[in-house]
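Q: how would this look folded up:
(chains A and B)
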2 protein chains.
Amino acid sequence: MNTLQLVPLLEPIRPQMEQVECLLHETLAKAEEPLSSMLCRSLGSGKRLRPALVILSGGVFVSSTPPFHTLAVAVEMLHAATLIHDDLVDEAPLRRGHKTLHTIWPAGAVVLAGDVLMAQAAWLVADLERPRILKVFADTLCTTCAGEIKQILANEGKQGGRKDYYRRIGAKTASLFAASTEMAGILAEAGEPQIAALRRFGRELGMAFQIVDDVLDFIGDEARLGKPAGSDLRQGLITLPTLCYLERVEDDTPVHAVLSGQRDEEHVRAAIEAVCSSEAIETALAEAWTHVRRSQEALTILPDNASRQLLCSLAEYAVERRR
Amino acid sequence: MNTLQLVPLLEPIRPQMEQVECLLHETLAKAEEPLSSMLCRSLGSGKRLRPALVILSGGVFVSSTPPFHTLAVAVEMLHAATLIHDDLVDEAPLRRGHKTLHTIWPAGAVVLAGDVLMAQAAWLVADLERPRILKVFADTLCTTCAGEIKQILANEGKQGGRKDYYRRIGAKTASLFAASTEMAGILAEAGEPQIAALRRFGRELGMAFQIVDDVLDFIGDEARLGKPAGSDLRQGLITLPTLCYLERVEDDTPVHAVLSGQRDEEHVRAAIEAVCSSEAIETALAEAWTHVRRSQEALTILPDNASRQLLCSLAEYAVERRR
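A: Take a look at the predicted model:
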């Protein structure tokens, strides 16, 4: 419990978040060892933003009750399951400063550990006895995975422009943010326009959040990120800062060299340097702010109270954060 | 549709099984290409035993309706998802005579394709609006995956005796058979003792089915199995025929040689030959028959009708089949 490191602005909901944490660890403990310890390790840190979105979105309408804690845990577990599978797919060595599961366990066990998390998450959602929520949940998992598959199968050279980038981050990140806020609205028995507004809020926030993640991959420091800077570029993955950079320069830049396959440390460092010293970072952050504003606009039809204000602040935090 | 190759004794339920097949393909078609085609290919053949168990278990109580078709499809998709992940884990080159998905696609895409199937299956179960069914479904996925993880992490040398073997096939196969019949009973609103009887029937049938699968891995011919004979032994996996064999022999047999790591073709062939020419096959089949009898006993408290009789025959087919 003492490992729960909340974003400072979430301190007002610490009691609920601690109950969520408790239920999360109770659920993970149901698996047999050594699986249980491994799952706890994988889920041990993290900002718990998605659970907080559930608690706050519900809190706009009703006070937090056990079903919201259940939903919050399910969302975090689904998130963790997709991270475990993604890290395996990407062969990422580190996540949140810890060795990734697949560097310790055989790949097969990692695949199945992710499956167990998904199954436990689905069980929790079933426990809410609200089939509509489960459908949103299942749809989200489909969207996220299908999006990743498309990315894997796409020829790297064929990575498109912004449209492709937005489709990709929509599937990868924004879909689960949108589902978290939408499901909380359904659970709170909010009206349909309000559920739709929560969904839109979550989606726009998710877009902003992922853009900033992609910016931090360039400008963040390794200690805070918990992984080496420039990971995306090193993998040949084109994100918004790179897109913004490429739109403004001529051929033959260090970035082109990396994208055409020269991925040694020297070329990668030169490419990161080039992007960071251009206007690309500012341009990408401006786009993130556009999504934050849109997310905040979506909130205006909801009852104005402390939870709504926290959601509004959380949207700004998504861009202002440094890790 | 013309690819639906039913076990002959299931001909009486062909109309329902064709509706199941239709819904299955409709569901798979919802994924984007190339995922959709790949999933159709992975699910194209197969005996559809688990869907048949759903239809027949429901049929004991009520006539088959769309919700039973939905459940049948969900069960087949969950089964396919676990097969896709398992084949990846085992690096199996063939399944049902076709190249396995991971021999065609990058491993990452295969992991996620399995995830999509799980998500689609969960969506279908959610559509039934029966949370209890979804809990059985989620529990089953947990059990199956946790069982496989234990197997992967266990040191090969530490593979135990029968108790370990039964635990393993219980998690790997019998749990989904049991879930199929139990969920159908819940959907049919059968009484609790009858739901429990259906579960027991499914579990015992699943045990018999897996034992026979393990026997066929020794005595079946490659053309019918759709994979090379002796796959288990070649992977160092001890199944019931090997256990029965080892219980009766002294040290230094060809089987010991394979289990201690000599897995070239010559040693594997000698080991298969040794097991097949011993009493091990008969002993293992006798154990399978014990489970068939137990499964049939479980049926006796159910209403006696055509569906129950088909379930009873299906149990015998599980042992008599040759593929």
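
Q: Can you show me the CA trace of the strand or helix carrying A:H291 as PDB?
A: Using DSSP states H and E, A:H291 sits within helix A:280-299. Extracted in PDB, the C-alpha atoms of helix A:280-299 (Å, rounded to 0.1, in the frame of the first residue of the first chain):
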ATOM      1  CA  ALA A 280       8.800  19.600 -33.700                       C
ATOM      2  CA  ILE A 281       8.500  19.200 -29.900                       C
ATOM      3  CA  GLU A 282       6.600  22.500 -29.500                       C
ATOM      4  CA  THR A 283       4.300  21.700 -32.500                       C
ATOM      5  CA  ALA A 284       3.500  18.200 -31.100                       C
ATOM      6  CA  LEU A 285       2.800  19.700 -27.600                       C
ATOM      7  CA  ALA A 286       0.500  22.200 -29.200                       C
ATOM      8  CA  GLU A 287      -1.500  19.400 -30.700                       C
ATOM      9  CA  ALA A 288      -1.700  17.700 -27.300                       C
ATOM     10  CA  TRP A 289      -3.100  20.900 -25.900                       C
ATOM     11  CA  THR A 290      -5.700  21.000 -28.600                       C
ATOM     12  CA  HIS A 291      -6.900  17.500 -27.400                       C
ATOM     13  CA  VAL A 292      -6.800  18.700 -23.800                       C
ATOM     14  CA  ARG A 293      -9.100  21.600 -24.600                       C
ATOM     15  CA  ARG A 294     -11.500  19.300 -26.500                       C
ATOM     16  CA  SER A 295     -11.600  16.900 -23.500                       C
ATOM     17  CA  GLN A 296     -12.400  19.800 -21.200                       C
ATOM     18  CA  GLU A 297     -15.100  21.000 -23.500                       C
ATOM     19  CA  ALA A 298     -16.700  17.600 -23.300                       C
ATOM     20  CA  LEU A 299     -16.900  18.000 -19.500                       C
END
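
Q: who touches the helix or strand following it?
A: Next helix or strand after helix A:280-299 toward the C-terminus (DSSP H and E): helix A:306-320. Under the contact criterion Cβ atoms under 8 Å, 6 or more residues apart in numbering or on different chains, helix A:306-320 has outside partners A:7, A:9-10, A:12-13, A:49, A:52-53, A:56-60, A:201, A:204-205, A:208-209, A:212, A:285, A:288-289, A:292, A:295-296, A:299, A:302. All C-beta atoms are positioned from the backbone trio N, CA, C, and that covers glycine.

Q: which outside residues touch the helix holding A:H291?
A: Contacts of helix A:280-299 (Cβ under 8 Å, 6+ apart): A:197-198, A:200-205, A:207-208, A:211-212, A:214-215, A:218-219, A:240-242, A:244-245, A:248, A:275, A:308, A:311-312, A:315-316, A:318-319.

Q: buried subset of those?
A: Buried subset of these (neighbour count, 16 or more other Cβ atoms under 10 Å in any protein chain shown): A:197-198, A:200-205, A:207-208, A:211-212, A:214-215, A:218, A:240-242, A:244-245, A:275, A:308, A:311-312, A:315-316, A:318-319.

Q: Inside helices: which ones of the contacts of helix A:280-299?
A: A:197-198, A:200-205, A:207-208, A:211-212, A:214-215, A:218-219, A:240-242, A:244-245, A:248, A:275, A:308, A:311-312, A:315-316, A:318-319 (DSSP state H).

Q: you'd agree A:L243 is up against A:K163?
A: No. Counting by Cβ atoms under 8 Å, A:L243 does not reach A:K163; the two are 10.4 Å apart.

Q: So which of these two has more stuff around it?
A: A:L243 (20 against 8; other Cβ atoms under 10 Å in any protein chain shown).

Q: Using PDB, list the CA coordinates for stretch A:13-28.
A: Coordinates of each C-alpha in stretch A:13-28 appear next as PDB, following Å, rounded to 0.1, in the frame of the first residue of the first chain:
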ATOM      1  CA  ILE A  13      -9.200  10.700  -3.800                       C
ATOM      2  CA  ARG A  14      -6.400   8.800  -2.000                       C
ATOM      3  CA  PRO A  15      -8.800   6.900   0.300                       C
ATOM      4  CA  GLN A  16     -10.700   5.400  -2.700                       C
ATOM      5  CA  MET A  17      -7.500   4.800  -4.600                       C
ATOM      6  CA  GLU A  18      -6.100   2.800  -1.600                       C
ATOM      7  CA  GLN A  19      -9.200   0.700  -1.600                       C
ATOM      8  CA  VAL A  20      -8.700   0.100  -5.300                       C
ATOM      9  CA  GLU A  21      -5.100  -0.900  -4.600                       C
ATOM     10  CA  CYS A  22      -6.200  -3.300  -1.900                       C
ATOM     11  CA  LEU A  23      -8.700  -5.000  -4.200                       C
ATOM     12  CA  LEU A  24      -6.100  -5.200  -7.000                       C
ATOM     13  CA  HIS A  25      -3.600  -7.000  -4.800                       C
ATOM     14  CA  GLU A  26      -6.400  -9.300  -3.400                       C
ATOM     15  CA  THR A  27      -7.300 -10.200  -6.900                       C
ATOM     16  CA  LEU A  28      -3.700 -10.900  -8.000                       C
END
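
Q: Could you confirm whether any residue of that stretch contacts chain B?
A: No. Using Cβ under 8 Å from any Cβ of the partner chain, stretch A:13-28 stays clear of chain B, coming no nearer than 10.7 Å.

Q: What of stretch A:142-161?
A: Yes. Stretch A:142-161 lies within reach of chain B by Cβ under 8 Å from any Cβ, at A:C142, A:C145, A:A146, A:E148, A:I149, A:K150, A:I152, A:L153.

Q: Buried only: go through the residues you listed for me.
A: A:C142, A:C145, A:A146, A:E148, A:I149, A:K150, A:I152.

Q: Need phi/psi at the last one.
A: Backbone dihedrals for A:I152, given as degrees, to the nearest 10, come out at phi -70, psi -40.

Q: Kindly state the pLDDT recorded for it?
A: For A:I152, the pLDDT comes out at 76.

Q: check contacts around it.
A: Contacts of A:I152 by Cβ under 8 Å, 6+ apart are A:V89, B:P106, B:G108, B:A109, B:L112.

Q: now it: how far from A:A146?
A: A:I152 sits 11 Å away from A:A146 when distances are taken as Cβ to Cβ, to the nearest Å.

Q: any shared contact partners between these two?
A: By Cβ under 8 Å, 6+ apart, the residues touching both A:I152 and A:A146 are B:L112.

Q: And for the closest residue to chain B within the stretch 201-323 of chain A, nearest residue in space, chain neighbours not counted?
A: At 11.9 Å from chain B, A:Q235 is the closest residue in the stretch 201-323 of chain A, using Cβ to the nearest Cβ. Nearest non-adjacent residue to A:Q235, counting by Cβ to Cβ, 6 or more residues apart in numbering or on different chains: A:D90, 6.7 Å away.

Q: Do a quick rundown of the strands in chain A.
A: Ranges of strands in chain A, per DSSP state E, are A:94-95, A:98-99.
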